[in-house]
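**Q** need a 3D model of the following:
(one chain, ligands or ions: 2)
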Amino acid sequence: MKHIIITGGAGFIGSHLVRHFVLKYPNYWIHNVDKLTYAGNLANLKDIENAPNYTFHKLDICDAPAIEFLFEKYFVEGVIHLAAESHVDRSILEPLAFVHTNVVGTTTLLNAARKYWKDRKDVLFYHVSTDEVYGSLGPEGFFTEETPYNPRSPYSASKASSDHFVRAYFHTYGLPVVISNCSNNYGPYQFPEKLIPLMICNIIQNKPLPVYGKGENVRDWLWVLDHCQAIDLIFHYGRVGETYNIGGNNEWRNIDLVYLLCNLMDEALGRPKGSSASLIQFVTDRPGHDLRYAIDATKLRNELGWKPTVSFEEGLSKTITWYLENKEWVEEVVSGEYQQYYEKQYQKRIQPNF
Ligand code: NAD
Ligand code: TYD
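**A** Numbering: from 1, shown residues only. Ligands and ions are numbered 1, 2, ... in the order given. Predicted structure coming up:
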């Protein structure tokens with residue numbers, strides 16, 4: 001049995017990845033290390049919680065002794081690191097929390113791996129990162145693995161910093177690492193503060209749909225399980241010390257995407273055409289809002305044969321169905337302090353001086 005730690009496994013992408021690995025690789029024992037912040041939810045993994053090759057550990061990745069204990073107790077041979085503070089808007093309000101988890105937490109994990117693995121080369125530290133480290137594109141061009149880092153939000157600055165630490169441990173200490181930088185994901189179990197699930201949930205509740213600025217910013221959307229498949233390939237076949245970009249080749253202006261969601265939701269809810277779109281409200285823009293992200297995933301395609309498999313049409317339809325069928329999950333995750341946080345943010349955004 002090979003013991004592998006997946007951090008952040010109770011979050012959106014992490015829970016899909018944990019399920020994928022637990023079911024596909026019975027010879028791996030998956031240790032899900034997660035602090036269960038507002039974004040982590042064990043309900044995401046109900047279907048596999050009793051699997052014989054799965055254990056959950058409620059831990060903060062900044063807790064060095066606890067992380068080292070795990071490495072020692074289970075002879076851990078691989079780490080796939082996803083735990084992070086992940087929402088740009090929150091990073092604008094509370095940058096230090098992002099430095100803490102994303103930078104200090106990542107470095108704490110690297111230290112534990114280095115201490116326990118010493119000079120072993122048959123192990124791997126896989127760091128999951130974002131395309132946002134590259135900054136913002138104009139209307140043309142794509143991010144490649146050679147694009148210089150130019151992070152512009154506290155979130156992307158903290159992720160860029162963590163990427164640098166991972167590379168530094170490779171160059172300085174010879175720790176076997178690999179990094180991937182992915183574009184925006186969507187799918188079931190995404191916390192409804194991110195664009196797609198927020199819009200779906202607000203439409204269901206007939207609440208305003210806040211579009212930042214003029215809605216002209218562009219994101220490259222990828223079905224979450226296509227991301228997981230890319231992580232699987234890179235974890236097993238990626239070259240050590242390398243970086244791989246992952247993207248959907250699927251660019252959408254926010255406003256066009258919101259209109260598309262409105263139309264799909266009108267159909268799904270049996271409401272008259274145009275009713276969801278009447279909820280759209282243009283609100284004050286996000287400070288420092290990156291204009292456009294777009295990934296060139298040629299390296300991953302050429303080296304490892306990866307390509308996205310789920311069309312946006314199919315993925316959005318599956319996502320909408322999931323949120324409509326899982327209203328209890330939504331109610332559970334937004335209960336507590338999130339509702340107040342959201343209302344406060346929204347009220348501020350509709351002020352002219354936000
Ligand atoms: P998420 O916010 O849904 O989940 C993050 C998880 O990390 C949660 O379960 C949370 O409880 C856990 N966590 C947070 N702080 C922790 C700590 N100190 N110790 C232990 N666990 C902690 O995030 P996500 O959208 O699933 O993103 C996962 C990773 O993928 C992140 O590293 C993110 O930067 C990266 N990424 C996300 C996207 C995207 O579109 N969502 C795109 C590219 C890369
Ligand atoms: P988000 O899902 O927060 O991801 P990221 O900022 O990491 O790309 O936002 C996606 C895009 O949608 C981004 O351009 C900001 C915009 N947006 C809105 O217009 N309204 C919203 O309520 C949210 C959450 C995002």
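**Q** not counting sequence-adjacent ones, nearest residue to A43?
**A** Distances taken as Cβ to Cβ, 6 or more residues apart in numbering put W329 closest to A43, at 6.0 Å, once the chain neighbours are dropped. All C-beta atoms are positioned from the backbone trio N, CA, C, and that covers glycine.
**Q** L260 now?
**A** L316 (7.3 Å).
**Q** tell me the first helix or strand C-terminal of the helix or strand hosting N302.
**A** Using DSSP states H and E, N302 maps to helix 298-304. Proceeding N to C from helix 298-304, the next assigned helix or strand is helix 312-325, under DSSP H and E.
**Q** tell me which other helices or strands that next one touches.
**A** Packing contacts for helix 312-325, counted by 3 or more Cβ pairs under 8 Å, 6 or more residues apart in numbering; DSSP states H and E, involve strand 184-186, helix 195-204, strand 218-223, helix 254-269.
**Q** re the thing from before, against ligand 2, how distant is the residue nearest to L260?
**A** Using Cβ to the nearest ligand atom, to the nearest Å, L316 is found at 14 Å from ligand 2.
**Q** before we move on, the earlier item: right, is the helix holding N302 up against ligand 1?
**A** No - figure legend: helix 298-304 not in contact with ligand 1 (Cβ under 6 Å from any ligand atom); closest approach 13.8 Å.
**Q** kindly state the beta-bridge partners for the residue lying closest to L279 once chain neighbours are set aside.
**A** Counting by Cβ to Cβ, 6+ apart, L279 lies nearest to L209, which is 4.8 Å off, once chain neighbours are set aside. Here L209 sits in beta bridges with I280, going by DSSP bridges.
**Q** these two touch, right, L209 and I203?
**A** Yes - using Cβ atoms under 8 Å, L209 makes contact with I203 at a distance of 6.9 Å.
**Q** immediately after the helix or strand harbouring S91, which helix or strand?
**A** Secondary structure from DSSP H and E places S91 in helix 88-93. Taking DSSP H and E as the definition, the helix or strand that follows helix 88-93 towards the C-terminus is helix 95-98.
**Q** so is the very next helix or strand once past that next one next to ligand 1?
**A** Sequence order places helix 106-117 as the next helix or strand after helix 95-98, per DSSP H and E. No - Helix 106-117 lies apart from ligand 1 when judged by Cβ under 6 Å from any ligand atom; the minimum separation is 9.0 Å.
**Q** need the residues that contact helix 106-117.
**A** Under the contact criterion Cβ atoms under 8 Å, 6 or more residues apart in numbering, helix 106-117 has outside partners 7, 61-64, 67-68, 70-72, 76, 79, 81, 123, 125, 127, 162, 165-166, 169, 173, 175.
**Q** one more: stretch 342-354?
**A** Contacting residues not belonging to stretch 342-354 are listed as 89, 193, 208, 210, 212, 281, 283-284, 334 [Cβ under 8 Å, 6+ apart].
**Q** for ligand 1, what's its nearest residue on the protein.
**A** G11 (2.0 Å; Cβ to the nearest ligand atom).
**Q** quick check: that residue touching L36?
**A** No - using Cβ under 8 Å, G11 is not in contact with L36, being 9.4 Å away.
**Q** more neighbours: these two, which one.
**A** G11 (25 against 14; other Cβ atoms under 10 Å).
**Q** what's the more buried one in contact with, if anything?
**A** G11 makes contact with 34, 39-41, 44, 82-83, 86, 191, according to Cβ under 8 Å, 6+ apart.
**Q** re earlier: and ligand 1, which of the contacts of helix 106-117 reach it?
**A** Among these, the ones lying near ligand 1 by Cβ under 6 Å from any ligand atom are 7, 61-62.
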